[in-house]
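model this:
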Amino acid sequence: MCPAENHPPCQALGVMDAMERITRAISGGDAGNGQVGAVLDVMLDVFDADRAWLLAEREGEPEVWDALAERTRSAWPGVLAAAAELRADAFHRDLIAAARRTGRPVAALRPDRQSPVAEQFTIRSELMTVVSPHGRPALLVGLHHCRRACRYDDVEGLFFVVASRLADALATQWALAARRQSEERFRILVEHAPEAIVILDATSGLFVDANEGASRLFGVARDELIDRAGPADFSPVQQPDGRPSPAAAMEWIGRAVAGEAPTFEWTHRSRQGQDIPCEISLVRLPDSERTLVRGTMVDITQRKRAEREKARLEAQLVQAQKLEAVGQLTGGVAHDFNNLLTVIVGNVELAQQFPGDTDLVTESLQQVAAAAERASALTSRLLAFSRKQPLRPRSLDMGDVLRGMDDMLRRTLGEHIELEIVLAGGLWRCEADPSQLENAILNLCVNARDAMPEGGALTIDAGNASLDDDYARAQREVTPGQYVLVAVSDSGTGMSEAVQANIFEPFFTTKDVGKGSGLGLSMVYGFVKQSGGHVKVYSEPGEGTTVKLYLPRASADTPAPRAVRPDAGLPRGGGETILVVEDAADVRQLARQLLERLGYRVREADRAVAALEILAGDAAIDLLFTDVVLPGGLNGVELATEAQRLRPGLAVLYTSGYTANAIIHNGRLDRGVRLVQKPFTRDTLGRRVREALDEGAAGPG
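Numbers count the residues shown, from 1 in each chain. Predicted coordinates:
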């Protein structure tokens, strides 16, 4: 096709004929290098060349070109015969750069005079172009004439078309090969995946493909799944939540078809009848003809078993912790009560042995009374810790409470502690039991005093506080809302994190033996929690401690405390009749004796049925004084209800050592209920009986 240099141009084959031969080579050759070789063979013939070649630029090394394919005449071996790569010299680097820059073929006549490469391969003239298939390294397509030099003016266009067609064919082949490789990788990935994978036709409800994992999960061969079965064939009638399996399956599939990618738990049933808990993920697949959904199923039998085992172990741990706490609580109570009983029993024995020694008897009785008071305080603290004490919440002015405690606190703390009470302006009223609130503040102040043995500063701050939803989510048992805050801060020794983690546990104390029972802070915690509040402690060793009590802001309907009348002596009875209902004979006898000495007449009953018989008679009864917990089927509250039905307007006064939930709800005493807490003294009983008689009938509210 090309004559020798300086000769008239040779007659070239027609362009159409050349393109037809190239097209046949591209379409008829084998994919890959076989197809490229066929095209290069045609190029040798069409362009009467001695060498046709295809090189690929090595990524990261622009001067190095790898030979992908080459065709030569036998007398002119090329790159593949010498090596698999060609390193471009300066002449060819410039030539390639010109081809890149122009985007057209470039020719060189007698390059062997300037290029070592051309001299090595006996190149008399050459024609090359750079093509860049999408996403692939640049390709260099070229011709060499070695027998003689050739001018390419008449064939550059045809050469460029041929090179472009070759590049397009290669790009197509590479894309198809990449797709086949991707599909093969996907097939292997799916086939050997540990999960069960199915493709579901959402319209027919049948599986259209499945991997071996699905076959193992369902317990059937793949050919029994594809186009022959669907989810309904491998599910129980109902799911564990009670939903029918077919309806639930269609709901999940519908969500996937709508574009969601739901993940949910599902129970499958194998062909052998075994229920298999699974976690399923669904996603819609792109398909122009059918609505397909891919399902990935993971057998979570082991996970469920592990979750059940974890729950069992956690329950065992909680139970062990409960038993440990009960043991600690029981041991502490037994220790303190044994001390108290030792005092009581010993002093009673002394008084019995020496009845004539009035001084000894008096002192012994004083010791017995003091021990009994400490026992009563201990049970009160235990009830506070367990949040079972009968609270009488009132609307309180925290400023009045703290001002009223000022003198007592200064006497308790001593001169070596500097006390400061700071009240914020516009202080809200809080809702709390006044006596229990004072006890809680006193407990905190005593603890602060003990943390400052060498003296220090103690500050009590009162202000308004609002706890938002974010704070409530981060804290247990906290309700968002408005609170009145009381913060007790000291400059004492502080606490480590380990100590802070245990300070509210009963009988936990860091004080020396005999210096504290370890119930103070547990009582404070129980009281605040039972009141609907929150406790927060901030402390660092050597930096002091701050305990914050958050008490609910009082609502408009919270009763205010009643005014206390000046003490005019113990009120006495005027001959009124009181029906005492108590199943414990010794307590009933004590109540009768105390009431009779206070000027009242007394009728007795040991259970509700006997009390109702008396009430059904004609005897005058002015007050029902009943224990809350009674044997025989009716408790004190039920007795009071029936008694007031029989005798409208009858006053009721309850007594109990532990009321459970009979007259206490939501941590507070039912409104309108009057209660004398056991153990009671003559003064307490006398005042509460007089109040009940003067105020009239009251029920459990």
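
which parts of the stretch 451-600 of the chain are strands?
Per DSSP state E, counting those that start in this stretch, the stretch 451-600 of the chain carries strands over the ranges 456-467, 481-490, 534-540, 544-552, 577-581.

mind putting those strands into CSV with distance to Met128?
Just so you know, the C-beta spots here come from the backbone N, C-alpha and C atoms, and that holds for glycine as well. Shown next, in CSV, are the strands of the stretch 451-600 of the chain (distance: least, Cβ to Cβ, whole Å):
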stretch, distance to Met128
strand 456-467, 80
strand 481-490, 83
strand 534-540, 80
strand 544-552, 85
strand 577-581, 118
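
of these, which shows the lowest average pLDDT?
Of all the strands of the stretch 451-600 of the chain, mean pLDDT reaches its minimum on strand 534-540 (a mean of 87).

partner strands of it, parallel or antiparallel?
Counting by DSSP bridges, the strands paired with strand 534-540 are strand 544-552 (antiparallel).

just to revisit the earlier point, so which of the strands of the stretch 451-600 of the chain gets nearest Arg645?
Nearest to Arg645 among the strands of the stretch 451-600 of the chain is strand 577-581; the distance by Cβ to Cβ comes to 15.2 Å.

torsion angles phi and psi at Asp406?
Backbone torsions for Asp406, taken as degrees, to the nearest 10, come to phi -50, psi -50.

for it, which non-adjacent residue is spatially closest?
The spatially closest residue to Asp406, leaving aside those adjacent along the chain, is Ile421, at 6.5 Å (Cβ to Cβ, 6 or more residues apart in numbering).

and Met19, by the same measure?
Val161 (6.9 Å).

isn't that neighbour right up against Val46?
No - counting by Cβ atoms under 8 Å, Val161 stays clear of Val46, with 11.3 Å between them.

sorry, back to before: got the strands of the stretch 451-600 of the chain as TSV, with mean neighbour count columns?
Formatted as TSV, these follow (neighbours: other Cβ atoms under 10 Å):
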stretch	mean neighbour count
strand 456-467	18
strand 481-490	21
strand 534-540	17
strand 544-552	22
strand 577-581	22
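
for Pro133, the count of nearby residues, please.
A count of neighbours around Pro133, defined by other Cβ atoms under 10 Å, yields 19.

how close does the residue lying closest to Leu594 once chain neighbours are set aside sit to Ala591?
Leaving aside its sequence neighbours, Leu594 sits nearest to Arg682 (Cβ to Cβ, 6+ apart; 5.1 Å). Arg682 sits 10 Å away from Ala591, going by Cβ to Cβ, to the nearest Å.

can you check Thr23 too?
Separation of Thr23 from Ala591 (Cβ to Cβ) stands at 119 Å.

also Leu646?
Look at Leu646 and Ala591: by Cβ to Cβ, they are 22 Å apart.

correct me, but His268 touches Phe218?
Yes - if you go by Cβ under 8 Å, His268 and Phe218 touch, sitting 7.2 Å apart.

give me the mean pLDDT for stretch 413-423.
Regarding stretch 413-423, the rounded mean pLDDT is 88.

residues of stretch 287-299 that come out buried?
For stretch 287-299, the buried set under the neighbour-count rule, 16 or more other Cβ atoms under 10 Å, comprises 292-299.

can you redo these as CSV with pLDDT?
Below are the buried residues of stretch 287-299 laid out as CSV (pLDDT from 0 to 100):
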residue, pLDDT
Leu292, 89
Val293, 90
Arg294, 88
Gly295, 89
Thr296, 89
Met297, 89
Val298, 88
Asp299, 89
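
nearest to Glu431, of those?
Using Cβ to Cβ, Val298 is the member of those that lies nearest Glu431, at 52.6 Å.

quick one on the thing from earlier: of Thr23 and Ala591, which one has the most company?
Neighbour count, other Cβ under 10 Å: between Thr23 and Ala591, Ala591 has more, with 24 against 14.

distance check, the more buried one against Gly617.
Ala591 is 21 Å from Gly617, where distance means Cβ to Cβ.

if we can go back for a sec, which neighbours do His268 and Phe218 share?
Phe234 (Cβ atoms under 8 Å, 6 or more residues apart in numbering).

how many neighbours does the residue nearest to Met19 have?
Burial of Val161 is recorded as 14 neighbouring residues (other Cβ under 10 Å).

before we move on, what SS does it have?
State at Val161, reduced to three classes by DSSP: H, G, I helix; E, B strand; the rest coil: helix.

repeat for Ala56
Here Ala56 is recorded as strand under three-state DSSP.

OK, contacts around it?
Ala56 is in contact with 65-66, 68, 137-140, counting by Cβ under 8 Å, 6+ apart.

state the helix or strand in which Met408 lies.
helix 398-413 (DSSP states H and E).

the helices in the stretch 551-700 of the chain, which residues?
With DSSP state H, counting those that start in this stretch as the criterion, the stretch 551-700 of the chain has helices at 585-597, 608-616, 636-646, 682-695.

actually the stretch 301-450 of the chain, not the one I typed
All helices of the stretch 301-450 of the chain, identified by DSSP H, counting those that start in this stretch, fall at 301-353, 358-385, 398-413, 434-450.

mean confidence score for the second one?
Read it as helix 358-385. Across helix 358-385, the average pLDDT comes to 67.

also the first one?
Averaging pLDDT along helix 301-353 yields 69.

least confident secondary structure element in the chain?
In the chain, no helix or strand scores lower on mean pLDDT, DSSP states H and E than strand 664-665, which sits at a mean of 54.
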